[in-house]
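In: Have a look at this fold, sequence not included:
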Ligand SMILES: C[S@@+](CC[C@H](N)C(=O)[O-])C[C@H]1O[C@@H](n2cnc3c(N)ncnc32)[C@H](O)[C@@H]1O
C-alpha cells in the first residue's frame, strides 16, 4: 500500500450505523501496525478507527455542507481521504460527484462509497485535469492546513478554475484565533503541532484564510468556527458514536505505541486550546 494511507480503515459503512464493534475492529485490523510512531497524525487516528479527521468535527462539516448549495449540484471533493465527507455530500443528493485525491488507496476506498454518483480520480488538487467551469461546488476538508501559503493558493485557484460562475467552494480547515494573534505564538503553534502530527501544519487566522480566498478570486458568503477538540472524548463520541468510540479506545490501548502518539497530540492541542479552532467557509465565484 501507499505509505501515506497504510493505516486507514477500509470500511465504507457508517460506523454510527453499525451495531457490531467486533466487526469494526476486525475490518480495521486488516491493516499493518508498522510505523505507528511516525505516521501522519490523521492516518494514526484513522488506524485507530476514527473516521472524522477534521478539526471542527462532524457538526461543523454538516453546518458547512448545509450552506454549500449541494442539492442537484455537480460536486468535486478535493482530498476525500477515507470518504466520511463523501458520505455526507451524497446524503444531499447531488447531481454528480468527482473526488480528487493523490493517494491511490483512497481512490478504491471512496469509489465504493460514491459509485452511484461518480468516481474518485488520482490527481493533485493543484492540477485536477478537470475541465474549466465544469462543477457547481468544490468541497475540501483538512487538506490546505498542511500546505504552504503558496500551495494553499494554488489549490484555491484550481477550485476557482473548475467552478462555474456563481459556484461555491466549501472548506473546513485548522484556524487560529484571534486575528491579532502574535506571530511568535503562531510560529510556536505551527512548530509544535507539526512535530506532534508528523506533518507540516500551517493553520491560519480567519483573516489570513479570507485574504488567500479573495486573492484566488472568491467572494465571502459564510463562515463558522468550532473548538479544536479532535482528541477529546466528547468530540470522539459526537463524531463517531458510542460503539466506534469504544473500539477507538480499545485500539489505542492495545496497538503498541498508539497511546504515546495520541497523548502527545492531545497534549499539544491542549496546550494551544485557546488559539486553535476548526474553521469552515463557503465562498462564491462571482457571476
Ligand atoms: C487529512 S486527510 C483529509 C481527508 C478528508 N478530507 C477528511 O477530512 O477526513 C488528507 C487527505 O488529503 C489528500 N491530499 C493531501 N494533499 C493533497 C493534494 N494536494 N491533492 C490531492 N489530495 C491531497 C491525501 O492523499 C489524504 O487522502
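Out: Good, I have the coordinates. Because the structure is predicted, anything quoted here is derived from the model rather than measured.
In: Okay, strands next: where are they in the stretch 151-287 of the chain?
Out: With DSSP state E, counting those that start in this stretch as the criterion, the stretch 151-287 of the chain has strands at 163-176, 204-205, 219-227, 276-284.
In: quick one: least confident helix or strand in the chain?
Out: The helix or strand of the chain with the poorest confidence is helix 21-28; it has a mean of 35 (mean pLDDT, DSSP states H and E).
In: got the strands of the stretch 151-287 of the chain as JSON lines, with mean neighbour count and mean pLDDT columns?
Out: C-beta here means a position set from N, CA and C on the backbone, and glycine is covered the same way. Below are the strands of the stretch 151-287 of the chain laid out as JSON lines (neighbours: other Cβ atoms under 10 Å; pLDDT from 0 to 100):
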{"stretch": "strand 163-176", "mean neighbour count": "23", "mean pLDDT": "98"}
{"stretch": "strand 204-205", "mean neighbour count": "20", "mean pLDDT": "97"}
{"stretch": "strand 219-227", "mean neighbour count": "16", "mean pLDDT": "97"}
{"stretch": "strand 276-284", "mean neighbour count": "25", "mean pLDDT": "97"}
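In: Kindly reformat those strands as JSON lines containing distance to residue 262.
Out: JSON lines is the format used below for those (distance: least, Cβ to Cβ, whole Å):
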{"stretch": "strand 163-176", "distance to residue 262": "18"}
{"stretch": "strand 204-205", "distance to residue 262": "25"}
{"stretch": "strand 219-227", "distance to residue 262": "18"}
{"stretch": "strand 276-284", "distance to residue 262": "17"}
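In: of all those strands, which lies closest to residue 84?
Out: strand 163-176 (11.8 Å; Cβ to Cβ).
In: And the strands of the stretch 151-287 of the chain: which comes nearest the ligand?
Out: Ranking those by their distance to the ligand (criterion: Cβ to the nearest ligand atom) puts strand 163-176 first, at 7.1 Å.
In: is the ligand contacted by the closest one?
Out: No: figure legend: strand 163-176 not in contact with the ligand (Cβ under 6 Å from any ligand atom); closest approach 7.1 Å.
In: try stretch 200-207
Out: No: Stretch 200-207 stays clear of the ligand (Cβ under 6 Å from any ligand atom), getting no nearer than 10.7 Å.
In: Tell me how far residue 63 lies from residue 214.
Out: 22 Å (Cβ to Cβ, to the nearest Å).
In: Please identify which of the two sits among more neighbours.
Out: residue 63 (17 against 13; other Cβ atoms under 10 Å).
In: Return the residues of the stretch 51-200 of the chain in contact with the ligand.
Out: Applying Cβ under 6 Å from any ligand atom, one finds that the stretch 51-200 of the chain approaches the ligand through 53-54, 79-81, 84-85, 100-103, 106, 124-126, 141-143.
In: Tell me which of the residues you listed fall in helices.
Out: Among those, DSSP state H puts 84, 85, 106 in helices.
In: Could you report the pLDDT at the closest residue to residue 216 other than its chain neighbours?
Out: Using Cβ to Cβ, 6 or more residues apart in numbering and skipping the chain neighbours, the partner closest in space to residue 216 is residue 156 (3.7 Å). With respect to pLDDT, residue 156 scores 98.
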